[in-house]
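**Q** build the 3D model from these lines:
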Amino acid sequence: MASSPIFTIPFFLLLLLIPTTKTLAQTSSAPAPAGPLNITAVLEKAGQYNTLIRLMKSTQIADQINNQLNNSNSGITIFAPTDNAFTNLPAGTLNSLTDQQKVSLIQFHVVPSLITMSQFQTVSNPLRTQAGNTDNGEFPLNVTSSGNQVNISTGVVNTTVSNALYTDSKLAVYQVDKVLLPLAIFGSEAPAEAPGPEPSTPRKKKKKEAAADEPTASPAKEDAGASSGFRLSWGWRGKWAGFVVVGSLFCLHL
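**A** Here you go, the predicted model:
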């Protein structure tokens with residue numbers, strides 16, 4: 001009977017160790033790693049962005065965005081026009097663009113830094129997009145925020161951020177209901193200069209040429225003048241000849 005405590009103590013120790021080991025195993029397990037960020041996957045999940053996805057793929061901008069998101073520490077902000085936004089463009093707008101203009105158009109919707117909704121109140125305008133030059137007449141993008149409303153102006157269109165589709169520490173995607181049209185592609189052309197007065201030299205030259213072509217006097221008038229002069233000259237000669245003849249006859253008669 002004295003030997004029973006010897007076996008009892010290890011048994012209780014074993015019971016105490018089993019749940020402790022299970023608890024350590026649970027706390028040491030790590031969550032499964034998330035897959036790489038993919039902008040087209042984000043847009044596909046949100047729906048109604050098929051035209052934007054197609055343009056991102058055809059211009060290879062989707063690959064550039066994904067590469068930047070997964071291989072650098074810099075964030076990206078994307079303004080995503082809906083399919084309806086593209087449908088509301090004048091017919092043939094996208095087809096009239098060159099390949100380079102399509103690239104610039106999509107790059108104009110991408111800001112190479114992460115901007116949260118609250119940061120729109122303090123950003124410096126114009127925002128620099130991946131399209132480049134922010135000068136007036138090129139690719140200016142101005143953002144103003146009033147409360148929860150974010151207004152966007154490109155110099156061609158004005159719209160607002162209607163929804164935040166996706167946000168994390170690297171990527172922010174915002175829905176806009178109009179395509180952001182940059183001035184460099186869709187801005188009105190400068191009016192043509194009014195035509196100035198025609199140069200005076202050509203007109204004078206034409207007058208001189210016309211004067212040279214016009215005869216100073218008609219041939220009939222010239223002939224008439226010559227004949228009158230001839231008659232005048234021989235008229236005086238005739239009178240002198242008459243006097244001479246009369247004088248000679250008078251002398252002979254004497």
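
**Q** can you tell me the SS state at the residue nearest to T144 when sequence neighbours are not counted?
**A** Leaving aside its sequence neighbours, T144 sits nearest to N151 (Cβ to Cβ, 6 or more residues apart in numbering; 4.9 Å). Where C-beta positions appear, they are placed from N, C-alpha and C, glycine not excepted. What DSSP: H, G, I helix; E, B strand; the rest coil gives for N151 is strand.

**Q** for N151, name its beta-bridge partners.
**A** T144, T160 (DSSP bridges).

**Q** burial check on it, number of neighbours?
**A** Counted with other Cβ atoms under 10 Å, residues neighbouring N151 total 14.

**Q** find the least confident helix or strand in the chain, judged by mean pLDDT.
**A** Between all helices and strands in the chain, the lowest mean by mean pLDDT, DSSP states H and E belongs to helix 4-27, at a mean of 43.

**Q** and after that helix, which helix or strand comes next?
**A** Once helix 4-27 ends, the next helix or strand along the chain (criterion: DSSP states H and E) is helix 39-46.

**Q** mind giving me the packing neighbours of that next one?
**A** Judged by 3 or more Cβ pairs under 8 Å, 6 or more residues apart in numbering; DSSP states H and E, helix 39-46 is in contact with helix 50-58, helix 61-71, strand 76-81, strand 158-167, strand 171-176.

**Q** turn the ones you listed into JSON lines, including mean pLDDT, distance to N133 and mean neighbour count.
**A** JSON lines is the format used below for the helices and strands packed on helix 39-46 (pLDDT from 0 to 100; distance: least, Cβ to Cβ, whole Å; neighbours: other Cβ atoms under 10 Å):
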{"stretch": "helix 50-58", "mean pLDDT": "98", "distance to N133": "21", "mean neighbour count": "17"}
{"stretch": "helix 61-71", "mean pLDDT": "95", "distance to N133": "18", "mean neighbour count": "16"}
{"stretch": "strand 76-81", "mean pLDDT": "98", "distance to N133": "18", "mean neighbour count": "24"}
{"stretch": "strand 158-167", "mean pLDDT": "95", "distance to N133": "21", "mean neighbour count": "15"}
{"stretch": "strand 171-176", "mean pLDDT": "97", "distance to N133": "21", "mean neighbour count": "21"}
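
**Q** can you add distance to L114 and give these back as JSON lines?
**A** Formatted as JSON lines, the helices and strands packed on helix 39-46 follow (distance: least, Cβ to Cβ, whole Å):
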{"stretch": "helix 50-58", "distance to L114": "19"}
{"stretch": "helix 61-71", "distance to L114": "10"}
{"stretch": "strand 76-81", "distance to L114": "6"}
{"stretch": "strand 158-167", "distance to L114": "9"}
{"stretch": "strand 171-176", "distance to L114": "6"}
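
**Q** of these, which is nearest Q130?
**A** Taking Cβ to Cβ, helix 61-71 is the member of the helices and strands packed on helix 39-46 nearest to Q130, at 7.9 Å.

**Q** quick check: closest non-adjacent residue to H109.
**A** With Cβ to Cβ, 6+ apart, the residue lying closest to H109 is F79, at 4.7 Å.

**Q** what mean pLDDT does stretch 123-143 get?
**A** For stretch 123-143, mean pLDDT is 92.

**Q** give the buried residues for it.
**A** Residues of stretch 123-143 classed as buried by neighbour count (16 or more other Cβ atoms under 10 Å): 123, 126-131, 138-141, 143.
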